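J.: Give me a model of this one.
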Amino acid sequence: MLKARLHARRGVSDLTSDSWQAHCRSAGYHGFIFDCDGTLVESADIHFHAFRMAAHEQGYTLDREWYLARTGLDRVSLFQEFGSGLNIDRAVERSISIFIENSPRVQLIEQTARLVRSLSGDFPLSVGTNAEAPVAVASLHAVGLLHHFEHIVSISDGFPPKPSPEIFLGAASLMQIPPNKTLVIEDSAQGVNAALAAGMSVIEIVSFDLREA
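T.: This is a model prediction of the structure:
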């Protein structure tokens with residue numbers, strides 16, 4: 001069971017994954033936006049491998065703990081924080097390529113996938129992610145969720161990364177749903193802040209267990 005916090009106009013309350021579906025159907029939402037990495041798929045190890053290999057090709061060593069402290073950052077911001085001397089454009093291109101090559105190894109987060117399947121067909125669903133569109137598409141294809149989403153909105157569309165609200169506002173606009181009728185499902189602080197800045201309610205995932213079937 002996933003533990004989460006619901007951020008809504010009435011404040012913040014605890015919410016667990018066994019009650020998500022009932023809340024989503026009873027609270028008056030018209031559409032839903034899901035983050036990808038850490039929300040729909042567990043991909044941290046593959047992302048780290050891609051980042052580490054891209055840095056290694058330029059003679060740098062990327063520490064795992066350093067990387068894990070920055071999950072949720074977009075690719076460019078993470079490489080910018082890594083340090084001077086790195087060819088960021090080259091590192092970004094290589095890390096995307098390496099991730100896509102390894103995307104069949106991503107793991108489905110079943111609790112959120114279950115929510116997607118339960119809402120699909122009854123509500124418009126989109127993905128809003130700090131990852132590049134090809135990365136998100138590769139992950140969702142690998143776990144069989146891609147067909148549930150009408151739109152994949154990302155930094156590839158020219159939006160600034162979260163915590164800017166623009167990715168979520170762009171997704172809501174494409175779904176033709178007002179922000180106050182949109183629920184976001186997220187796992188990162190950047191994403192939660194972006195959703196709140198967009199005027200949307202958000203389920204913030206605070207723990208998950210891949211072993212749950």
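
J.: Run through the protein and note the low-pLDDT ranges.
T.: By pLDDT under 70, the weakly predicted segments of the chain are 208-213.

J.: which residues of it fall in helices?
T.: With helices called from DSSP state H, the chain shows them at 20-26, 44-56, 64-68, 75-82, 88-102, 110-119, 133-142, 166-175, 189-197.

J.: Include mean neighbour count and distance to residue 11 when you put these into a markdown table, please.
T.: To be clear about C-beta, it is placed using only N, CA and C from the backbone, and glycine gets the same treatment. Listed next are the helices of the chain as a markdown table, based on neighbours: other CB atoms under 10 Å; distance: least, CB to CB, whole Å:
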| stretch | mean neighbour count | distance to residue 11 |
| --- | --- | --- |
| helix 20-26 | 15 | 15 |
| helix 44-56 | 19 | 30 |
| helix 64-68 | 12 | 30 |
| helix 75-82 | 18 | 31 |
| helix 88-102 | 18 | 38 |
| helix 110-119 | 18 | 22 |
| helix 133-142 | 22 | 31 |
| helix 166-175 | 23 | 20 |
| helix 189-197 | 21 | 12 |
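
J.: Leaving out sequence neighbours, find the closest residue to residue 92.
T.: Using CB to CB, 6 or more residues apart in numbering and skipping residues adjacent in sequence, the residue nearest residue 92 is residue 75, 5.3 Å away.

J.: That should have said residue 29, apologies.
T.: Nearest to residue 29 is residue 183, by CB to CB, 6+ apart, at 4.5 Å.

J.: Residue 88 now?
T.: Closest residue in space to residue 88, ignoring its immediate chain neighbours: residue 79 at 4.8 Å, by CB to CB, 6+ apart.

J.: what's around the residue nearest to residue 29, how many residues?
T.: Counted with other CB atoms under 10 Å, the neighbours of residue 183 add up to 25.

J.: swap in residue 2?
T.: The local packing count at residue 2 equals 23, with neighbours defined by other CB under 10 Å.

J.: What's the separation between the nearest residue to it once chain neighbours are set aside and residue 207?
T.: The shortest distance from residue 2 to any residue that is not its chain neighbour, by CB to CB, 6+ apart, is 3.8 Å, and that residue is residue 17. Taken as CB to CB, to the nearest Å, the spacing of residue 17 relative to residue 207 amounts to 10 Å.
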